[in-house]
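Undergrad: Sequence and predicted structure are below.
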Amino acid sequence: TPRLIWLGRDESGDARARGISGHAALLEELTSRGFEMVAFEHLSPLEQIAAMNGADIVIAPHGAGLANMIYSKPGALVIEIGTRQTQLHRWGDFVKCAHVSQCRYDTVFADVDGIEDLNKIPSMASGHRGVRVGRHATDQILSIVDEHLNLTQAPQASAR
């Protein structure tokens, strides 16, 4: 299984499809760092567990697939890409999963897809909106990833 995962979605035919946009630059940068796209919809439950447990870094837009964080290995980095809508109505859904696995959990808040006026964030009653990843969110995610990669790849000081 890949050790660097972009947790994508197969939204074809899914009535709950929310979408993600503006993430091409992020995916290009992640691919250059060795990330691979995984869609849990195409994996069995055991394959999903193995993917999460084998990964050093997982990045995903807010969604149920992040509940698999409970299978992450201790010290793995999991980054949730949320929005102002998820911040207001759903933030903290996956914190407990991070505590169970003892992984490092981070959230980067991007824009709500299809919403221009950030003062008018729709409630969840009107539907869960998608994520629009802009330059600021891309930079934040890459900064967190690069810091984690540098820390985990740095030579360990020898014991004396």
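TA: Sure, I can see it.
Undergrad: rest of the way, CA atoms for contacts and neighbours
TA: Noted.
Undergrad: and the helix ranked longest in the chain, which residues are buried?
TA: Ordering each helix of the chain by length in residues (DSSP state H) puts helix 135-153 first. Within helix 135-153, the residues that count as buried by 16 or more other C-alpha atoms under 10 Å are 137-138, 141-142, 145, 148.
Undergrad: quick one: low-confidence ranges for this protein?
TA: 1-2, 11, 13-18, 85-90, 112-114, 116, 118, 121-129, 154-160 (pLDDT under 70).
Undergrad: residue boundaries of the helices in this protein?
TA: So, for the chain - with DSSP H - the helices run 24-32, 45-54, 84-89, 95-101, 135-153.
Undergrad: Would you reformat these as a markdown table and include distance to residue 115?
TA: Output for these, formatted as a markdown table (distance: least, C-alpha to C-alpha, whole Å):
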| stretch | distance to residue 115 |
| --- | --- |
| helix 24-32 | 19 |
| helix 45-54 | 32 |
| helix 84-89 | 10 |
| helix 95-101 | 26 |
| helix 135-153 | 16 |
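Undergrad: Out of those, flag the one nearest residue 38.
TA: Among the helices of the chain, the nearest to residue 38 by C-alpha to C-alpha is helix 45-54 (8.5 Å).
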